[in-house]
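K.L.:
have a look at this fold, sequence not included:
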DNA sequence: GAATGCCCTGCAACTGCATTGCACTTTAGC
DNA sequence: GCTAAAGTGCAATGCAGTTGCAGGGCATTC
Ligand SMILES: [Mn+2]
Ligand SMILES: [Mn+2]
Ligand SMILES: [Zn+2]
Ligand SMILES: [Zn+2]
């Protein structure tokens, strides 16, 4: 099952949600798919994306992610038309000036708009 | 009830969630508080913040927000210790380079780390 | 002052997504 | 082949958000 899920992820250009998997693998159990994603995430194969759509999405990690540390510090793009979420590894997150006393850790940056296939 | 909620919001330095309100106004109904926030948001009084904590938080808008358009294009900061979320209106979101064909709309930028009261 | 209508409130119920427990099956190691 | 571990399926739960509906306050109108 996990191999099938991994194969599916490799073919996607956009991030997938659990319900996406559920729709595609309609014969498989929801929980199995859920745990597959969780395991992949733990092992550093995929990273999760909270794009504000209500459902967490997952995408394959770039090379160099380890179980200890995910460095998915790239921008994510959520298309408001097709509701797909894309990783934009080329668009790095710039440094943000913080007020005195604040120390930065992770950053979550999600842009919204229309993607290249949805523009008209 | 709404006046009480508004009064409460005015006294906060951090964004509040629905359950925060629920805890404070323990005699009021959850739904009434929920709808108060929704009404405030519609009218341009508050803006909602998705900080990734699982619960949407709300904070008063800066001057100039209208029912039609919220311009809360500032950075939000989520403290991983006290789990409070702060608006950082001084930290503007820089422009992000997008790939060809992508057009930008809203941006959600949440930084995580420790706030000025939680640093040790 | 009674009737009408609107707005606010409270109760109940429902949805969607995430998560866990437990039993069963399959796989891998010996 | 036997045994332990890993993977899977089913059930149930939790939590945040949301909606429908009915009752109550209040002001306007006749
Ligand atoms: Mn990504
Ligand atoms: Mn804000
Ligand atoms: Zn699109
Ligand atoms: Zn803090």
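P.N.:
Looks like it arrived, so ask away. Note that the structure is a prediction, hence the values are computed from the model and not measured. Residues are numbered from 1 along each chain as shown, chains lettered A, B, ... in the order given. Ligands and ions are numbered 1, 2, ... in the order given.
K.L.:
where does pLDDT dip in chain A?
P.N.:
By pLDDT under 70, the low-scoring segments of chain A are A:67-68, A:70-72.
K.L.:
how many residues are close by the closest residue to residue A:28 other than its chain neighbours?
P.N.:
In this structure, residue A:28 finds its nearest non-sequential neighbour in residue A:1, 6.1 Å apart by CB to CB, 6 or more residues apart in numbering or on different chains. For every residue, glycine as well, the C-beta is placed using N, CA and C. Residues contacting residue A:1 under the criterion other CB atoms under 10 Å in any protein chain shown number 12.
K.L.:
how many neighbouring residues does residue A:69 have?
P.N.:
9.
K.L.:
in contact with it, which residues?
P.N.:
Contacts for residue A:69 (CB atoms under 8 Å, 6 or more residues apart in numbering or on different chains) come out as residue A:44.
K.L.:
can you classify it as helix, strand or coil?
P.N.:
Under DSSP: H, G, I helix; E, B strand; the rest coil, residue A:69 falls in the coil class.
K.L.:
near chain B at all, stretch A:99-114?
P.N.:
Yes: on the criterion CB under 8 Å from any CB of the partner chain, stretch A:99-114 is in touch with chain B at A:99-114.
K.L.:
pull out the buried members of the residues you listed.
P.N.:
Neighbour-count burial (16 or more other CB atoms under 10 Å in any protein chain shown) applied to these gives A:102, A:107-114.
K.L.:
can you show me the helices along chain A?
P.N.:
Assigned by DSSP state H, the helices in chain A fall at A:2-11, A:18-24, A:30-42.
K.L.:
buried set for the shortest one?
P.N.:
The neighbour-count check on helix A:18-24 (16+ other CB under 10 Å) flags A:18, A:20-21 as buried.
K.L.:
list, one by one, the residues from chain A near DNA strand C.
P.N.:
Chain A has residues A:17-19, A:30-31, A:34-35, A:38, A:54-56 near DNA strand C, with proximity defined as CB under 7 Å from any atom of the strand.
K.L.:
need the max-distance pair from those.
P.N.:
The most widely separated members of the residues of chain A next to DNA strand C, counting by CB to CB, are A:35 and A:54 (20.5 Å).
K.L.:
out of those two, which sits in the busier spot?
P.N.:
Using other CB under 10 Å, the more surrounded residue of residue A:35 and residue A:54 is residue A:35, with 13 against 8.
K.L.:
report the closest residue of chain A relative to ligand 1.
P.N.:
Taking CB to the ion as the measure, the point where chain A comes nearest ligand 1 is residue A:87, at 3.2 Å.
K.L.:
and the angle for the longest strand anywhere in chain A with strand B:103-114?
P.N.:
Using DSSP state E to define each element, chain A has its longest strand at strand A:103-114. On the basis of axes from the mean of the first three to the mean of the last three CA atoms, to 10 degrees, strand A:103-114 is oriented at 160 degrees to strand B:103-114.
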